[in-house]
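Asks: mind looking at a prediction? Sequence and model below.
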Amino acid sequence: MSDVPLQAPFDAYMGKEPYLFVSYSHKDGEKVFPELARLHSLGYRVWYDEGIDPGSEWPEEVAVALEGASHFLVFISPNAVVSQNVRNEINFALNRQKPFLAIYVQETDLPPGLQLRMGDIQAIMRYRMSDDHYFRKMEKSLPATLVSPTRTNPSEALAQEGKQTPNRPAGRRDSGSPRMSDIPASGKTVEEAASLFKRAVRLNEYGDVEAALPLYKEVEAICGERGELSGLAKSLGDQALILQENGALQEALSLCEKESAVWREIGDNHRVQRSLGRQADILDALGRPEEALRVLEAQDKILRTARQPDASAMARSLLRRAKILADKMGRASEALPLLEEAYHLTGSGPSTALEKLAKEIEPFLRHLRSGQGDAGQPSN
């Protein structure tokens, strides 16, 4: 890791609304700061140690911030479990019975003391997951109360009343907006759908997809009937992911298309573009590169117009378009400028994700340049 101190991605939250206290080892800043920046961009109120004034007494300020937090999140790594500050914060949060989430950024063996205390704590194994799976799981684990009301809510509670067009009765959709499920919902409530959804998530996490899928379908039906669009989109997305991972690509594609349509109706462009990314993956796997390319172009437009553009996501989207053009369609000359732009974006800030992308892009870029009579080294 560089000896140059990392710049804090944003100011820690200092208000009186419910907020998330984040504990981490300073040595993991390159891994943790991009995660914090993403949470902040989605509207989460986050306190982390950058919120301490230089002259303040460290333990006192941490205790005050942690005492006032409504939820606690710790990024677990080998560095974190040997950090006395992190261990103190973990123990403080557990003693105060704070809602607790642990995210493992590296494979880590907990020391016996922490293992005893954290044995039943909810945990996310970030290092084992794809970005998409991780983001979905994290958002499900954090409540909507931590999100500023003026920002797009990235994790609406499934039990909330869904978004409906004024004067439109529940269970009816505007003309031109297809009903998402024909499965009878048996008059169940949104609250019952929330309970079913939690059961489906747990079954899916345990690998019992045969038991999870019918529950997701029931949630889809209830939310479609009740007009609870956020729950409807989430159930569609989870089904699509399961089917994609199990090779049922055409069914997964259909559900992804429905999912993105619902997120568009809600107005959540962040989730629209993520759904489009999955659609492109499926189309590519189905041998339909031209359609995949069009979907990625639509994703790119959303990414470029975001309030806080995500350089990593933009670079990844450009790289995928370049690979399809060059490898699947034989259009290397069109791929090269996309790849040049993607590589330029990887130099836009300190980020482990961007560094990994740069290493992935460099050999491909050299290969394309050599085909164009320019075998020089890539430069940011």
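Replies: Looks like it came in fine. Numbers count the residues shown, from 1 in each chain.

Asks: C-alpha from now on. contacts and neighbour counts both.
Replies: Fine.

Asks: now do stretch 327-342, average pLDDT.
Replies: Averaging the model's pLDDT scores along stretch 327-342 yields 92.

Asks: check what contacts it and list those residues.
Replies: Contact with stretch 327-342 is made by 289, 314-316, 318-319, 321-323, 325-326, 361, 365, 368-369, 372, as judged by Cα atoms under 8 Å, 6 or more residues apart in numbering.

Asks: can you do 10 Å?
Replies: Residues from elsewhere that reach stretch 327-342 (Cα atoms under 10 Å, 6 or more residues apart in numbering): 284, 287-290, 311-326, 343-345, 354, 357-358, 361-362, 364-369, 371-372, 378-380.

Asks: buried sites along that stretch?
Replies: For stretch 327-342, burial by neighbour count (16 or more other Cα atoms under 10 Å) applies to 332, 335-336, 338-340, 342.

Asks: repeat that for stretch 203-215.
Replies: Here stretch 203-215 shows 203-204, 209, 212-213, 215 as buried, counting by 16+ other Cα under 10 Å.

Asks: ok, stretch 242-256 next?
Replies: 242-244, 249, 252-253, 255-256.

Asks: out of these, list just those in helices.
Replies: Members of those lying in helices (criterion: DSSP state H): 242-244, 249, 252-253, 255-256.

Asks: now render those as a markdown table, adding distance to residue 14 and pLDDT.
Replies: A markdown table is the format used below for these (distance: Cα to Cα, whole Å; pLDDT from 0 to 100):
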| residue | distance to residue 14 | pLDDT |
| --- | --- | --- |
| 242 | 40 | 90 |
| 243 | 43 | 91 |
| 244 | 42 | 90 |
| 249 | 46 | 94 |
| 252 | 43 | 94 |
| 253 | 43 | 95 |
| 255 | 41 | 95 |
| 256 | 38 | 94 |
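
Asks: now the helices for the stretch 1-150 of the chain?
Replies: For the stretch 1-150 of the chain, applying DSSP state H, counting those that start in this stretch gives helices covering 29-41, 58-68, 78-81, 84-95, 112-118, 131-141.

Asks: kindly export the fifth one (C-alpha atoms) in CSV.
Replies: As requested, C-alpha coordinates have been extracted for helix 112-118 and formatted as CSV (Å, rounded to 0.1, in the frame of the first residue of the first chain):
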residue,chain,number,x,y,z
PRO,A,112,-11.0,-16.8,19.7
GLY,A,113,-12.3,-13.8,21.7
LEU,A,114,-13.9,-12.2,18.6
GLN,A,115,-15.1,-15.5,17.4
LEU,A,116,-16.9,-16.1,20.6
ARG,A,117,-18.6,-12.6,20.5
MET,A,118,-19.3,-12.5,16.8
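
Asks: now it: how far from the chain's centre is it?
Replies: 28 Å (Cα atoms, centre = their mean, to the nearest Å).

Asks: so what does that helix touch, helix or strand wise?
Replies: helix 84-95, strand 100-104 (3 or more Cα pairs under 10 Å, 6 or more residues apart in numbering; DSSP states H and E).
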